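Peer 1: only geometry, no sequence info:
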């Protein structure tokens, strides 16, 4: 639906974490990104060649993808001016921000003049039902985190890849803008109307073959007061058979909430499992995924070993060590 | 904002519970309702005089309020034809359904021709922020339920009335269409975009005097898989100091979910309190509210006494016995 390859727009991202959309595309579909575009003051870098719009055009890019998430999802004046230049250079735009491209008069006008398409992948495209809670066939695994941005999407993408690699039936189910930009479909869960959240997750993960796994991308955290409702809708709408606990061990506090400490992995395990059993009494926690990007190699291994011993669950960083042991755990289930 | 008095439209309500909007208005603002309008097959009755549009007009009614909630909130063809007649008779319409009056071409056209106003109270009227989790001044009490329609709104309205009666500072904070229709303001939480749910609750219950209580209307249940995400947004956005547990003891299964058993009051107490402490570590469960409408007088009293002994918390049906003991518990906090 969105024309590839992309030029990844990082804007004036305040930190590396805000560029997780661009990083995800670069890591999981590197063939789809020719370079990155950064504005003055940009503090993110996804390791692609910095390009002007002219250079990206010459390199074959078709779409400028907004690869950075603002808190609240606003399009600033500064961005708007640059995005108009992108349209004038002949690019389509794709974005997962709350603030829609199509709602920006300047962008819409420029797009009409230059015949380019504005893709707002965050906008729900279907009328979702209210959740029925009826037990579905097939299996589902959900990634849940101690915090936002703890590696849930990476874990799900890596697990899906590892399962398919060994011939298991698996589908990655995107619930956020990055996942949707990567896979081309999914439910933009944080933009769904409250009453239909759980129903949209049921819709995303329908009846399937008995040995098929939906690998559901998680959102937020049960302990993140801004987004916990979205997380619970995933747990109850997804009726997972298996949970993977995701944790980033260097976080000083909950993302965006300086007054809130990051909970222990055990706390998340206990309360999430209790909640998950409401929808699926057979649900089990099968593994732990540690995001060790801020740890050295030895530290990362030691940390995973320590958690594995403490929780008695296979513990890996799927990005660093692969997701094979998590796939093993699901295969054994 | 909405002109009173009302004629309460019950449509072809399949059961009494579906008419909780009309029942709420009748119970809490009886002076605002001159009668009820029922279609063929209607199984609800709120105990008001059945009136034709002509009779209601003669009795002074200004607005026809949709007093019945469909699953999913749709406006049927049958309803539409009758509502056009209401407009032709000169009434404004007010509704809290998901499916908006203003989106029905026939209703909109008739309203324009006859100069009447369509009030869709469910539509969020403000741009809510993302929740910050910052501790607010003033106190908050939230009603949480073992199931939907367990008496949370009644409990909050009765508690607010009892507190004001004794000179405590209290404001009922509506989070659903009935509450909004009754009080004229609030947040239509189930229609808010997922990411902004908790933020809308923070917005609804801002900083206040230290001895002021916001009495927050609850929604759904942590154990109701269709709506649990909305409930958790209330718990985390409301950062309540006190929780009241609401229960309807004759329910055979979760409302709308025949495969799901109603949880024990203890289960709801334990998991809700754990979740509430994330946002407010000082949160306490202070009382239990039993909806005894399907029990006889002796049974109702015996049931409340049994729960009170079991949980060690003041237990009343606020509609039957008054909310004084719940107000006592808050005053003592």
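Peer 2: Here it is on my side, so go on. Worth saying up front: this structure is predicted, and the values here are computed from it rather than measured. Numbers count the residues shown, from 1 in each chain, chains lettered A, B, ... in the order given.

Peer 1: pull the residues that contact the helix or strand bottoming out on mean pLDDT in chain A.
Peer 2: Ranked by mean pLDDT, DSSP states H and E, the weakest helix or strand in chain A is helix A:177-183, scoring a mean of 85. Helix A:177-183 is contacted from outside by A:2, A:20-21, A:24-25, A:28-29, A:65, A:69, A:94-97, A:121-122, A:153, A:156-157, A:172, A:174, A:186, A:188, A:217, using Cβ atoms under 8 Å, 6 or more residues apart in numbering or on different chains. C-beta here means a position set from N, CA and C on the backbone, and glycine is covered the same way.

Peer 1: which of those residues fall within helices?
Peer 2: Residues of the contacts of helix A:177-183 located in helices (DSSP state H): A:20-21, A:24-25, A:28, A:153, A:156-157.

Peer 1: within reach of chain B, which of these are there?
Peer 2: Among the ones in helices among the contacts of helix A:177-183, none lies close to chain B by the criterion of Cβ under 8 Å from any Cβ of the partner chain.

Peer 1: if any of the residues you listed are buried, put those into a PyMOL selection.
Peer 2: The PyMOL selection below is limited to those of these classed as buried (16 or more other Cβ atoms under 10 Å in any protein chain shown):
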select buried, chain A and resi 20+21+24+25+28+153+156+157
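
Peer 1: would you format the ones in helices among the contacts of helix A:177-183 as JSON lines with pLDDT and distance to residue B:168 included?
Peer 2: Below are the ones in helices among the contacts of helix A:177-183 laid out as JSON lines (pLDDT from 0 to 100; distance: Cβ to Cβ, whole Å):
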{"residue": "A:20", "pLDDT": "84", "distance to residue B:168": "47"}
{"residue": "A:21", "pLDDT": "89", "distance to residue B:168": "49"}
{"residue": "A:24", "pLDDT": "87", "distance to residue B:168": "51"}
{"residue": "A:25", "pLDDT": "90", "distance to residue B:168": "55"}
{"residue": "A:28", "pLDDT": "82", "distance to residue B:168": "56"}
{"residue": "A:153", "pLDDT": "93", "distance to residue B:168": "48"}
{"residue": "A:156", "pLDDT": "97", "distance to residue B:168": "49"}
{"residue": "A:157", "pLDDT": "95", "distance to residue B:168": "53"}
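
Peer 1: adding distance to residue A:83, write the ones in helices among the contacts of helix A:177-183 out as JSON lines.
Peer 2: Formatted as JSON lines, those follow (distance: Cβ to Cβ, whole Å):
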{"residue": "A:20", "distance to residue A:83": "20"}
{"residue": "A:21", "distance to residue A:83": "15"}
{"residue": "A:24", "distance to residue A:83": "20"}
{"residue": "A:25", "distance to residue A:83": "18"}
{"residue": "A:28", "distance to residue A:83": "24"}
{"residue": "A:153", "distance to residue A:83": "25"}
{"residue": "A:156", "distance to residue A:83": "30"}
{"residue": "A:157", "distance to residue A:83": "27"}
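
Peer 1: just curious, which of the ones in helices among the contacts of helix A:177-183 is nearest to residue B:194?
Peer 2: Proximity of the ones in helices among the contacts of helix A:177-183 to residue B:194, judged by Cβ to Cβ, is greatest for residue A:153, which lies at 16.9 Å.

Peer 1: and for the closest residue to that closest one other than its chain neighbours, the neighbour number?
Peer 2: Closest residue to residue A:153 apart from its sequence neighbours, by Cβ to Cβ, 6 or more residues apart in numbering or on different chains: residue A:217 at 5.1 Å. Each residue near residue A:217 was counted by other Cβ atoms under 10 Å in any protein chain shown, and the total is 28.

Peer 1: I figured residue A:217 hits residue A:188, correct?
Peer 2: No. The pair residue A:217 / residue A:188 is not scored as a contact, 11.2 Å apart, by Cβ atoms under 8 Å.

Peer 1: so what sits against both of the two?
Peer 2: A:175-176.

Peer 1: quick one: residues contacting the residue nearest to residue A:153.
Peer 2: A:143, A:152-153, A:156-157, A:172-176, A:179, A:186.

Peer 1: at 7 Å instead, please
Peer 2: Residues in contact with residue A:217 (Cβ atoms under 7 Å, 6 or more residues apart in numbering or on different chains) are A:143, A:152-153, A:156, A:173-176, A:179.

Peer 1: and what of residue A:266?
Peer 2: So residue A:266 contacts residue A:311 (Cβ under 7 Å, 6+ apart).

Peer 1: could you check the angle helix B:265-279 makes with the host helix or strand of it?
Peer 2: If you go by DSSP states H and E, residue A:266 is part of helix A:265-279. Going by axes from the mean of the first three to the mean of the last three Cα atoms, to 10 degrees, helix A:265-279 is angled at 140 degrees with respect to helix B:265-279.

Peer 1: my read is that residue A:261 contacts residue A:253, right?
Peer 2: Yes. Judged on Cβ atoms under 7 Å, residue A:261 makes contact with residue A:253 at a distance of 6.2 Å.

Peer 1: burial measure for residue A:193, as a count.
Peer 2: Quick note: residue A:193 (other Cβ under 10 Å) scores 18 neighbours.

Peer 1: residue A:84 too?
Peer 2: 17.

Peer 1: would you mark the buried spots in the helix or strand residue A:83 falls within?
Peer 2: Using DSSP H and E, residue A:83 falls within helix A:77-88. Within helix A:77-88, the residues that count as buried by 16+ other Cβ under 10 Å are A:79-80, A:82-84, A:86-87.

Peer 1: what mean pLDDT does stretch A:276-285 have?
Peer 2: Regarding stretch A:276-285, the rounded mean pLDDT is 98.

Peer 1: which residues sit against it?
Peer 2: A:133, A:235-236, A:239-243, A:245, A:269, A:273, A:313, A:333, B:223, B:225.

Peer 1: just to revisit the earlier point, tell me the helix or strand right after the helix holding residue A:266.
Peer 2: strand A:284-290.

Peer 1: got the residues of the stretch 51-200 of chain A near chain B?
Peer 2: Neighbours of chain B within the stretch 51-200 of chain A, by Cβ under 7 Å from any Cβ of the partner chain: A:71-72, A:98, A:130-131, A:133-134, A:189-195, A:197-199.

Peer 1: so which of these sit within helices?
Peer 2: Using DSSP H, those in helices are A:197-199.

Peer 1: buried among the residues you listed? Make that a PyMOL selection.
Peer 2: Applied in PyMOL, the following selects the buried portion of these according to 16+ other Cβ under 10 Å:
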select buried, chain A and resi 197+198+199
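
Peer 1: now, among the ones in helices among the residues of the stretch 51-200 of chain A next to chain B, which is nearest to residue B:299?
Peer 2: residue A:198 (34.5 Å).

Peer 1: is it true that the closest one touches residue A:233?
Peer 2: Yes. Counting by Cβ under 7 Å, residue A:198 does reach residue A:233; the two are 4.5 Å apart.

Peer 1: now for the two: what residues contact both?
Peer 2: By the contact definition Cβ under 7 Å, 6+ apart, residue A:198 and residue A:233 are jointly contacted by residue B:229.

Peer 1: which residues of the stretch 201-333 of chain A lie near chain B?
Peer 2: So far as Cβ under 7 Å from any Cβ goes, the stretch 201-333 of chain A lies against chain B at A:223, A:225-230, A:232-233, A:236, A:257, A:259-260, A:271, A:274, A:278-279.

Peer 1: host element of the residue lying farthest from the centre of chain A?
Peer 2: In chain A, the residue that sits farthest from the middle, by Cα atoms, centre = their mean, is residue A:113; the gap is 33.2 Å. Element membership of residue A:113, judged by DSSP H and E, is helix A:105-114.

Peer 1: residue A:246 now?
Peer 2: strand A:242-247.

Peer 1: show me what that strand packs onto, helices and strands only.
Peer 2: Strand A:242-247 is packed against strand A:139-145, helix A:152-165, helix A:265-279, strand A:284-290, with contacts defined by 3 or more Cβ pairs under 7 Å, 6 or more residues apart in numbering or on different chains; DSSP states H and E.
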